[in-house]
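J.: fold the following.
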Amino acid sequence: MRKIGFCHGATYKIHDPYLRKSIELFKKCGCNALEVSCHSIEGADRLSGILSYVKSFEYLSLHMPCDLNYRNDNLTNNTLKKIEDFYNKAGASLAVIHPDLVEDWDVFNNFSSINWAVENMDDRKEKYKDADDLKKFFTEHQEWGFVLDLGHCNANDKTMKLAENFINELKDRIKEIHLSGYKVFHDPLHRTKQTEIINYCKNLDVPIIIESTFERSDSAEDVKKEFDYILKNLK
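T.: Okay, the predicted model is just below:
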């Protein structure tokens, strides 16, 4: 079975994602991968509390905070130090960041033990949405990897030709896939039935992280249903 699992913040509307039961829910679904979503600066302070819960996954990655403008300053360096400590202790393989949040790329040179990656942005952002933007970035940042967010591709282009462009131009850079439906915002695929999004995972032998977001009215059964639906349509 290929490495596949959820972003650990997918159930944040149901319960606190830093609780043990939240992470064990993904394990019970059959996941062998997990992306720890350190969605905020505050979240970096909570990472040590889940260290023992995440080590059993075969593949582990981190999503960097989305409420931080990355500069070479004390706040950024202190936040990245906490994340680096967790990354190394947990045996993580990758850390992904939204590139539009970065003001000074040099700050990441202070944390060379982390394998860094950027992801393509959705339709709300002004740049880093297409292959040309990312190709230019990688010309200047040869050591960085790429996380292909297929939901973001769909938000920008319902024909999914954008995903084809990314794969054709940057296939060797792709380290991980972010997968979700996209009718409104990171919707569960078993509801949107957008199998055309899932299809782009089939020929990419990299870990898949499901970023479908569940509602307060959802349950563990809905999370399992999403996982099973995706597995079925990956065949």
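J.: check contacts around the residue nearest to E196 when sequence neighbours are not counted.
T.: Nearest residue to E196 in three dimensions, chain neighbours excluded: M160, at 5.8 Å (CB to CB, 6 or more residues apart in numbering). Using the backbone N, CA and C atoms, a C-beta is placed for each residue, glycine as well. If you count contacts by CB atoms under 8 Å, 6 or more residues apart in numbering, M160 has them with C153, N154, E196, I197, Y200.
J.: phi, psi of the last one?
T.: What that stands for is Y200. With angles defined as degrees, to the nearest 10, Y200 sits at phi -80, psi 0.
J.: what's the distance between it and D157?
T.: Distance, Y200 to D157, using CB to CB, to the nearest Å: 12 Å.
J.: shared neighbours of those two, anything?
T.: If you check Y200 and D157 against CB under 8 Å, 6+ apart, the residues they both contact are A163.
J.: looking at the two, which is more packed in?
T.: Neighbour count, other CB atoms under 10 Å: between Y200 and D157, Y200 has more, with 19 against 16.
J.: now for that one: which residues touch it?
T.: Y200 sits next to L148, L150, C153, M160, A163, E164, I167 when contact means CB under 8 Å, 6+ apart.
J.: mind putting those residues into TSV with secondary structure and distance to H98?
T.: TSV is the format used below for those (DSSP: H, G, I helix; E, B strand; the rest coil; distance: CB to CB, whole Å):
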residue	secondary structure	distance to H98
L148	strand	14
L150	helix	16
C153	helix	15
M160	coil	21
A163	helix	18
E164	helix	23
I167	helix	21
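J.: which among those gets closest to D85?
T.: L148 (27.9 Å; CB to CB).
J.: and the pLDDT for that closest one?
T.: If you check L148, the pLDDT there is 98.
J.: mind checking how far it is from G49?
T.: Distance from L148 to G49, by CB to CB: 30 Å.
J.: so between these two, which is more surrounded?
T.: L148 (26 against 12).
J.: and the residue lying closest to F108 once chain neighbours are set aside, how many neighbours does it have?
T.: In this structure, F108 finds its nearest non-sequential neighbour in W116, 5.7 Å apart by CB to CB, 6+ apart. When neighbours are defined as other CB under 10 Å, W116 has 19 of them.
J.: what's the answer for M1, then?
T.: Neighbour tally, M1, other CB under 10 Å: 8.
J.: surely it is in contact with E58?
T.: No: counting by CB atoms under 8 Å, E58 is not a contact partner of M1; they are 9.4 Å apart.
J.: might you report the residue contacts of D45?
T.: D45 neighbours (CB under 8 Å, 6+ apart): K82.
J.: can you report phi and psi for it?
T.: The phi/psi pair for D45 (degrees, to the nearest 10) is phi -80, psi -10.
J.: strands along the chain, start to end?
T.: 4-7, 33-37, 59-63, 94-97, 116-119, 145-149, 174-179, 208-210 (DSSP state E).
J.: how close does S61 get to E164?
T.: Counting by CB to CB - S61 and E164 are separated by 24 Å.
J.: the two: who's more crowded?
T.: S61 (27 against 14).
J.: apart from its chain neighbours, what residue comes closest to the more buried one?
T.: S61's closest residue in space is L94 (CB to CB, 6+ apart), at 4.2 Å.
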